[in-house]
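**Q** Here is a sequence together with a model predicted from it:
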Amino acid sequence: MKISLIQMNSVSDKAENISAAVRLVEQACAEEKPDWIGLPECFDFLGGARTDKMAAAESLPGGPAYCAMQELARRHGVFIHAGSILEKVEGEDRIRNTTIVFDRTGAEIARYRKIHMFDITAPDGTEYRESAAFAPGGEVVTYSCEGLTIGCAICYDLRFPALFQALVAKGAQMIVLPAAFTQQTGADHWEVLCRARAIETQTYFAAPAQTGVHMAAGALRRTYGHSLVADPWGHIIAKASDGVGMASARIDEDLVRKVRAQIPVARHKVRFDTPSL
């Protein structure tokens, strides 16, 4: 199975972001002819103030970002793991950071809502309070793609290994992590954490990311990019260059089985009482 990761520089202009995503997906289909395409976190809207995010959110199913990706999946006969979309939730004063997955017919086959909220103060003093605008999800989600079981995660989830072990327990052979990592944390932690998750889960790890600058609440923010695919041994087998673009790789289900047979950690695992996700 061939996959393509889309790397974007989304901003607080929903129409422009959707147009950019459509162009990049069209380009990937024409040049790479993949079976599966992944987009980054918040590909439809990144930055702005809380009120801007609320206004940009859409009710699912439906809405311009949802329908654009659904139509692309149907027209090109390709699976689209639609990064994440700002989801409006009736009766709530916060929105959700939500992955939607479409199969080759355009049917929705998975929906995952980001579990871990990015509430931190970066080394340079910049504060990020995702929970002010977003409500966390609570469901561990996998789906089937051409016989391969794929697990869902988003960005800050990367730092919580228990989620990825839960995905493996549900049969995941590939895990997808759309992201918008900050420049500071990305430079030091992005690749090592992606490789670590691939190694410890013995899965392919596909991470389509945001790159470049955007404005958030009147401040300039920079995302790290470096979208990548790691194999079950932890090797980086595809990586995007700086800037908007894409990276493609082939997924070999036999390699997952081979690595798990060589180092059978699932059989050696000791069970501990652990807190919830």
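**A** Arrived safely, thanks for sending. Keep in mind that this is a model prediction, so the values were computed, not measured.
**Q** residues contacting the most centrally placed residue in the chain?
**A** By Cα atoms, centre = their mean, the mean C-alpha position of the chain lies nearest to Pro178, the distance being 1.6 Å. Applying Cβ atoms under 8 Å, 6 or more residues apart in numbering, one finds that Pro178 lies in contact with 38-41, 43, 81, 83-84, 99, 154-155, 207-209. Any C-beta I mention is one placed from the backbone N, CA and C, and that applies to glycine too.
**Q** average model confidence for stretch 135-147?
**A** The predicted model gives stretch 135-147 an average pLDDT of 97.
**Q** Strands along the stretch 151-277 of the chain, start to end?
**A** 174-176, 204-207, 211-216, 219-224, 228-230, 236-239, 245-250 (DSSP state E, counting those that start in this stretch).
**Q** circling back to that earlier point, can you check the contacts of Pro178 and name whichever has the most neighbours?
**A** Within the contacts of Pro178, Gly83 tops the neighbour count with 33 neighbours, counted by other Cβ atoms under 10 Å.
**Q** In this structure that residue contacts Thr98, no?
**A** No - counting by Cβ atoms under 8 Å, Gly83 sits too far from Thr98 to count as a contact (9.7 Å).
**Q** What ranges does this protein have for its helices?
**A** 14-31, 50-56, 64-76, 161-169, 183-185, 191-201, 253-262, 265-268 (DSSP state H).
**Q** What is the shortest one packed up against?
**A** Read it as helix 183-185. strand 219-224 (3 or more Cβ pairs under 8 Å, 6 or more residues apart in numbering; DSSP states H and E).
**Q** Which strands or helices does the strand it packs on pack on?
**A** In terms of contacts (3+ Cβ pairs under 8 Å, 6+ apart), strand 219-224 is packed against helix 183-185, strand 211-216.
**Q** So what's the gap between it and the chain middle?
**A** Put simply, strand 219-224 sits 18 Å off its chain's centre (Cα atoms, centre = their mean, to the nearest Å).
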